[in-house]
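Participant: Below are the sequence and a predicted model for it; my questions follow.
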Protein chains: 2
Amino acid sequence: MEYRKIKDEDKDGDVIGDDIESLHGKAHSVPLNNVASLGGSSSDRSKWKRKSIVTLSLTILTSSQAILIVWSKRAGKYEYSVTTANFMVEALKCALSLAALGRIWRNEGVTEDNRLSTTFDEVSVYPIPAALYLVKNLLQYYIFAYVDAPGYQILKNLNIISTGVLYRIILKKKLSEIQWAAFILLCAGCTTAQLNPSSDHVLQTPIQGWMMAIIMALLSGFAGVYTEAIIKKRPSRNINVQNFWLYVFGMAFNAVAILIQDFDAVMNKGFFHGYSLITTLMILNHALSGIAVSMVMKYADNIVKVYSTSVAMLLTAVVSVFLFGFHLSLAFFLGSTVVSVSIYLHSIGKLQR
Amino acid sequence: MEYRKIKDEDKDGDVIGDDIESLHGKAHSVPLNNVASLGGSSSDRSKWKRKSIVTLSLTILTSSQAILIVWSKRAGKYEYSVTTANFMVEALKCALSLAALGRIWRNEGVTEDNRLSTTFDEVSVYPIPAALYLVKNLLQYYIFAYVDAPGYQILKNLNIISTGVLYRIILKKKLSEIQWAAFILLCAGCTTAQLNPSSDHVLQTPIQGWMMAIIMALLSGFAGVYTEAIIKKRPSRNINVQNFWLYVFGMAFNAVAILIQDFDAVMNKGFFHGYSLITTLMILNHALSGIAVSMVMKYADNIVKVYSTSVAMLLTAVVSVFLFGFHLSLAFFLGSTVVSVSIYLHSIGKLQR
């Protein structure tokens, strides 16, 4: 379970804030402007292609992330410090963003949109999502007083609903009735696919556990929607610059987490104590999927991200059958059917608007 | 499990046949004629009201049927002969139809539409559904060589899909894409709601078991759709006359079943051996819900019937919490959510056509 933290932080954790009120108008008008300025069907197609590539990348990376977790669990217990691994993920994402920027600068020169230097107005919002995740990670320790680990996995599907609700409220983007129905089905389908004989324990969760699970789902959903708002606020700004600033604050907050939680361990055993090949692969994978999340926020939206990571969950189970000889349950097939219908309805719902 | 037979036979068992080809045009045009001749919004409302009442009756009767089964299981093993109970259900339905007709004759006199005498052309189709059910009941004995009883309960949800497919093919009524999606969800949701820790056994069903389950689902679906075709073929014909002829052949086929399966037991122990208060209540309930099925076929359709009996299944579980102290599983809540969304989508899908 320990590793879930790094996973959480990564999957939905690269977020930054702004004055929400000021974002409303801009975040809303941006996609329309974009479409208008790009116009024609060939640029529509290239946008669609870019959106598909980042979504597919996120799905594959998230799926392989979960497979690495299973693999590492089979290899034995984690002996490394989770906070240092989180820090390394942020540092690697930062380095990759800088490398991408370096290439862009060589090819296109430094412009208004891809320069690293920024204004206080632009940068001031970037620490907020990282701060939200720090709060969420601190809460995560307390929720285990009320819920066991498999129960927490079930309750985490509340993130799907919270993301949809906050996407509607904060970004003021409307989903059709059919898309709302599809979103409820996505949540029910994902939960069904994860059912196991001990899942019913979650129904005995005390009211405090439910409250905390809902708060954590709201924090996670808020951070995700907020990131989208920040990234889309400046659509012409290069995504690598936006990522760089996101990840710098990610590093800073994770450094604080190391100091709070693992200072003694790091001092006594060293920063990289317990790191193995698989730890390195996991850090690399988390860094890449973190960047994929940002890309999806830039070129698609939180709804696409939720669908993408849900499909990844199903994909992981199917791949695990071949890799680890897992057995798929009837609940998995039923959940997958519901998720598939949900995806279909989401696309139908969009066309009918 | 034994009692399931009577339940099956009853719930979808009051069916009769005709030359399918000749039914197509008529079954299709009938509802339109009906609407045209009745016209105005007040008769639309009264039709809607009648449809709602029969649907609600079917839901409540089916739900209490299952509750009676649970109650009788608690009371001990069944000692009565299932075939004689089936015969009594048909006989009671016959008697109730005649009683209703008697009242109608007194009030309205004997007319072309409510007279009992009939032509060979009209009556020739009525034994077919009863014959289909006899085949299905015989197959039921063989399927248990491949599937256990709870597995069979799961596989019976294939009836939902087969009814939808045959409804489309035989009655040539179209469902919208959204309604098809809703139908798949109904099947997945009902199965999810019935999941229990041993449900995964069903995945080990050999190919012969799957084939037989599919054939039985097709037989059941075909019998249901065929009944609707027969009843709707003559829309002005009084439903009680149609029911009378349906049930007469139901009695005949059940008499054959008594001779084949329980002749010795009936001869040695007597026809009503082992009958108790609860057996009587179950026979009464099955008779009433059988009549409700016919009414739904007349005034609504097979799709409404499937939704009605699915909701009844969920209702039974909820009522059992209060009556028997049952615990609802997480799978039940997830399945109910999916079924609820399915009902919503079905109604949305209808409006958008």
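Facilitator: Everything's here; your move. Treat the numbers as computed from the prediction; the structure is a model and nothing was measured.

Participant: Nearest residue to A:L315 in space, please, no chain neighbours.
Facilitator: For A:L315, ignoring the flanking residues on the chain, the nearest one in space by C-beta to C-beta, 6 or more residues apart in numbering or on different chains is A:S63 at 4.2 Å. The C-beta positions use only the backbone N, C-alpha and C, and glycine is treated the same way.

Participant: A:I278 is in contact with A:E79, correct?
Facilitator: No: if you go by C-beta atoms under 8 Å, A:E79 and A:I278 don't touch, sitting 11.5 Å apart.

Participant: And the residue nearest to A:L315, how far from B:P127?
Facilitator: The spacing between A:S63 and B:P127, counted by C-beta to C-beta, to the nearest Å, is 56 Å.

Participant: okay, these two: which has more neighbours?
Facilitator: Legend: neighbour count by other C-beta atoms under 10 Å in any protein chain shown for A:S63 and B:P127, higher for A:S63 (23 against 20).

Participant: got the contact list for the more buried one?
Facilitator: Counting by C-beta atoms under 8 Å, 6 or more residues apart in numbering or on different chains, A:S63 makes contact with A:A312, A:M313, A:L315, A:T316, A:V319.

Participant: Determine the three-state secondary structure at A:T111.
Facilitator: With DSSP: H, G, I helix; E, B strand; the rest coil as the basis, the three-state label of A:T111 is coil.

Participant: okay if I get the contacts of A:S63 as a markdown table plus distance to B:M267 and neighbour count?
Facilitator: Formatted as a markdown table, those follow (distance: C-beta to C-beta, whole Å; neighbours: other C-beta atoms under 10 Å in any protein chain shown):
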| residue | distance to B:M267 | neighbour count |
| --- | --- | --- |
| A:A312 | 65 | 21 |
| A:M313 | 61 | 19 |
| A:L315 | 62 | 18 |
| A:T316 | 62 | 19 |
| A:V319 | 62 | 16 |
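
Participant: Can you tell me which of the residues you listed end up in helices?
Facilitator: A:A312, A:M313, A:L315, A:T316, A:V319 (DSSP state H).

Participant: And the third one, how close does it get to chain B?
Facilitator: Counting by C-beta to the nearest C-beta, to the nearest Å, the separation of A:L315 from chain B is 19 Å.

Participant: if we can go back for a sec, who's more crowded, A:E79 and A:I278?
Facilitator: A direct count of neighbours by other C-beta under 10 Å for A:E79 and A:I278 places A:I278 higher, at 16 against 11.

Participant: can you give me how far the lengthiest helix in chain A is from the chain middle?
Facilitator: The single longest helix within chain A, with elements called by DSSP H, is helix A:41-75. On the basis of C-alpha atoms, centre = their mean, to the nearest Å, helix A:41-75 is displaced by 12 Å from the centre of the chain it belongs to.

Participant: following that helix, which helix or strand shows up next?
Facilitator: Later in the chain than helix A:41-75, the nearest helix or strand by DSSP states H and E is helix A:82-108.

Participant: so where does the residue lying closest to A:I161 once chain neighbours are set aside fall, helix or strand?
Facilitator: Spatially, and ignoring its direct neighbours in sequence, A:I161 is nearest to A:C187 (5.4 Å; C-beta to C-beta, 6+ apart). Using DSSP H and E, the element containing A:C187 is helix A:177-193.

Participant: okay, the angle between that helix and helix B:177-193?
Facilitator: Angle, helix A:177-193 to helix B:177-193, by axes from the mean of the first three to the mean of the last three C-alpha atoms, to 10 degrees: 30 degrees.
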